[in-house]
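In: Structure for the following, please:
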Amino acid sequence: MKNTILILFVLGAFVGKAYGQDTLLVTFREAVKIGLENNVAYQSSVNDQDVLKMEKISAQLGHLPRININNNLYRQTGQQFQQVEGELIVTDVQNDILSSGLNVNLPIFNGGRRLSTTFAARLFDEAGKKNLERAAQEVIFNVAQQYLQVLMDRELYEIALQNLENQKQQLMQIEGFVEAGIRTLSDQYNQQSEVARLETVALDAKIQWETDLWALAETLQLDPNTVPQLVPVQIETISSDYLAMDLDELYELSLENRKDFSARQLLEEGNKKMINAARSAMYPQINAFFNYNTFYTSLDQRSFNEQLLRIYPQQTIGFSINIPIFNNFDNRLAVTRNKVAFRNQALELGAMERRLYQETKLAYENYKAAIKRQEATRIQLSAAEEAQEVIRERFRLGVSNFVDLAQANQQLVTAQSDFAQSQYTLYFQEVILQYALGVLDVEV
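Out: All right, here's what the predicted structure looks like:
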């Protein structure tokens, strides 16, 4: 009895601790939304996408001329050289100078570098978007897994509490049987021991529930003093459309919908474009340019506007041709690096294609197994309920012994727990299959 009181005290302490925390009522979609907003890896991917987007814009604008204005304002002190009437005069003076220029540079031919870079940047940006969508699916998958785990823990805890209450009622009946002389005192002691054991089972279930609940709170990045209160989902047995498809059809569906696989394909193609961009440095580069320069000097007595706008302006327009001859193999090094990046992407794409087939097959087989398991546990639960009812009646009549009753009770609790777990497992296996196929809904 002392052990029972101690266990109840500890259980009450856990319950009191839970109620001492701030609770936040959360539905599954709200949990997903919070997860997407607070997940560090996902938000980092969102930030990285901004860079890819700007790289794409920069590559597109690279087809336009570069325009720059430069201004220099400085002072020279000491000996200054001036040409006056054909003579070079050296004087020790102070000279304030302002120079200004406009430079325009337009690439005419660079071996296709601009086109290759533009295509590659566009592919990398699209691959980033695909990876971002897959990252969102991964967040949803993780949140769903933990969300359903907490709901299952709570149901298992409720089953443990219900079983504990039933066994307490059974103990009261046995105590009455003992007083009436129908049962021996040993049956009463055995039942008291069973009740004490079930109190420990209920405590363990409570601890497991709270542990997984706090793990979900950490995943959602909630405040340290806030614990989520989850709204149950409807666990229903729904015939999935994917069961009507064979494995090859599911594999083709996953190839079409897996965002990470599409991203790998885009990255492979983008790295191939970067090889062409690196090779372009081996060809002559032709650029058109226009320069406009002027300046003002304090040694000239004429006005600022006259010097800057009428006397000293110079304009230069022309073409520049740069022919690479020998650059210490820098160009070849750039080509080799991009070739290696392309080959590595091809290897990763092939490995992902094989892994994708394995993931699809495993998710499909586990989903079918989960359906069979639910059907089996439903039969198991029905049979256990019937057996427990019969043996309990036989025990009341004095035909069965305590061992038979305890075994029937244990089988019933096991059947209840197995059936509850099979329901949540089947529900989550549907999520796993959708995740493997890349069709997991990310709309929240």
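
In: Show me what counts as buried in stretch 185-201.
Out: For stretch 185-201, the neighbour count (16 or more other C-beta atoms under 10 Å) marks Asp187, Gln188, Asn190, Gln191, Gln192, Glu194, Val195, Leu198, Glu199, Thr200, Val201 as buried. Backbone N, C-alpha and C define where each C-beta goes, glycine included.

In: Tell me the one of those nearest Gln407?
Out: Relative to Gln407, the closest of the buried residues of stretch 185-201 is Glu194; by C-beta to C-beta it sits at 11.1 Å.

In: and that closest one, what does it touch?
Out: By C-beta atoms under 8 Å, 6 or more residues apart in numbering, the contact set of Glu194 is Gln167, Ala406, Asn409.

In: Tell me how far the residue lying closest to the second one once chain neighbours are set aside lies from Thr200.
Out: Taking C-beta to C-beta, 6 or more residues apart in numbering as the measure, Ala406 lies nearest to Glu194, with 6.1 Å between them; neighbours along the chain are not counted. For Glu194, the distance to Thr200 under the criterion C-beta to C-beta, to the nearest Å works out to 11 Å.

In: for Asn366, same thing?
Out: From Asn366 across to Thr200, the span is 32 Å (C-beta to C-beta).

In: how close does the closest residue to Val40 other than its chain neighbours get to Leu151?
Out: Once flanking residues are discounted, Val40 sits nearest to Gln221: 7.8 Å by C-beta to C-beta, 6+ apart. For Gln221, the distance to Leu151 (C-beta to C-beta) stands at 20 Å.

In: Neighbour count for the two, which is higher?
Out: Leu151 (21 against 12; other C-beta atoms under 10 Å).

In: Isn't that one up against Val233?
Out: Yes: applying C-beta atoms under 8 Å, one finds Leu151 in contact with Val233, separated by 6.8 Å.

In: Centre of the chain to the strand of greatest length in the chain, how far?
Out: When the chain is parsed with DSSP state E, its longest strand is strand 87-109. Relative to the centre of its chain, strand 87-109 is centred 56 Å away, using C-alpha atoms, centre = their mean, to the nearest Å.

In: next helix or strand past it?
Out: helix 113-180 (DSSP states H and E).

In: Of the buried residues of stretch 185-201, just say which sits nearest to Ala127.
Out: Looking across the buried residues of stretch 185-201 and measuring by C-beta to C-beta, the closest to Ala127 is Val201, at 50.8 Å.

In: May I ask which helix or strand encompasses that closest one?
Out: helix 185-219.

In: what's the offset of that helix from the middle of its chain?
Out: 35 Å.

In: could we number from 51 for the rest of this?
Out: All right, first residue 51 from here; so that's helix 235-269.

In: now it against helix 163-230, angle please.
Out: For helix 235-269 against helix 163-230, the angle between stretch directions is 160 degrees (axes from the mean of the first three to the mean of the last three C-alpha atoms, to 10 degrees).

In: Output the below-cut-off pLDDT ranges for the chain.
Out: 51-71, 130-140, 286-289, 492-494 (pLDDT under 70).

In: which residue is nearest the middle of it?
Out: For the chain, the residue nearest the mean C-alpha position is Ala185 (3.5 Å; C-alpha atoms, centre = their mean).

In: can you confirm Gln126 is in a strand?
Out: Yes: per DSSP: H, G, I helix; E, B strand; the rest coil, Gln126 lies within a strand segment.

In: separation between it and Val82?
Out: According to C-beta to C-beta, Gln126 stands 68 Å off from Val82.

In: more neighbours, the two?
Out: Comparing Gln126 with Val82 by other C-beta under 10 Å, the one with more neighbours is Val82, at 24 against 14.

In: which residues sit against the helix or strand the more buried one falls within?
Out: If you go by DSSP H and E, Val82 is part of helix 78-88. Here helix 78-88 makes contact (C-beta under 8 Å, 6+ apart) with 76, 92-93, 186, 189-190, 192-194, 197, 266, 269-272, 278, 280-281, 283, 494.

In: Name the next helix or strand downstream of that helix, please.
Out: Downstream of helix 78-88, the first helix or strand assigned by DSSP H and E is helix 90-111.

In: Please tell me how far that next one is from the chain's geometric centre.
Out: The chain centre lies 16 Å from the centre of helix 90-111; the measure is C-alpha atoms, centre = their mean.

In: Now do it against helix 163-230, angle only.
Out: Taking the same axes, to 10 degrees, helix 90-111 and helix 163-230 form an angle of 170 degrees between their directions.

In: State the phi and psi torsions of Gly162.
Out: Taking degrees, to the nearest 10, you get phi 80, psi 10 for the backbone angles of Gly162.

In: which SS state does the residue nearest to it when sequence neighbours are not counted fall under?
Out: Distances taken as C-beta to C-beta, 6+ apart put Ser330 closest to Gly162, at 5.3 Å, once the chain neighbours are dropped. Using three-state DSSP, the structure places Ser330 in helix.

In: which residues touch Ser330?
Out: Asn160, Gly161, Gly162, Arg163, Ser166.

In: Quick check: Thr77 touching Pro278?
Out: No: using C-beta under 8 Å, Thr77 is not in contact with Pro278; the gap is 10.1 Å.

In: more neighbours, these two?
Out: Neighbour totals were compared for Thr77 and Pro278, and Pro278 leads with 21 against 13 (other C-beta under 10 Å).

In: Spatially nearest residue to that one, not counting backbone neighbours?
Out: Once flanking residues are discounted, Pro278 sits nearest to Val76: 4.5 Å by C-beta to C-beta, 6+ apart.

In: Give me the distance between the one you found and Val200.
Out: If you go by C-beta to C-beta, the gap between Val76 and Val200 works out to 10 Å.

In: shared neighbours of these two, which are they?
Out: Leu280.

In: just to revisit the earlier point, thought Ser95 was touching the residue nearest to the centre of the chain, still the case?
Out: Yes: under the criterion of C-beta under 8 Å, Ala185 makes contact with Ser95 at 4.9 Å.

In: that older thread, which among the contacts of Ser330 gets closest to Arg382?
Out: Nearest to Arg382 out of the contacts of Ser330 is Gly161 (C-beta to C-beta; 14.3 Å).

In: count of neighbours near the closest one?
Out: Gly161: 19 neighbours (other C-beta under 10 Å).

In: likewise the one 5 residues further on?
Out: The number of residues packed around Ser166, counting by other C-beta under 10 Å, is 22.

In: correct me, but it touches Lys322?
Out: No: counting by C-beta under 8 Å, Ser166 stays clear of Lys322, with 9.2 Å between them.

In: Assign the residue nearest to Val90 to helix, strand or coil.
Out: Classification of Gln271 using three-state DSSP returns coil.

In: quick one, phi psi at it?
Out: Main-chain dihedrals, Gln271, degrees, to the nearest 10: phi 60, psi 40.

In: If anything else comes up later, I'll come back, but that's it for now.
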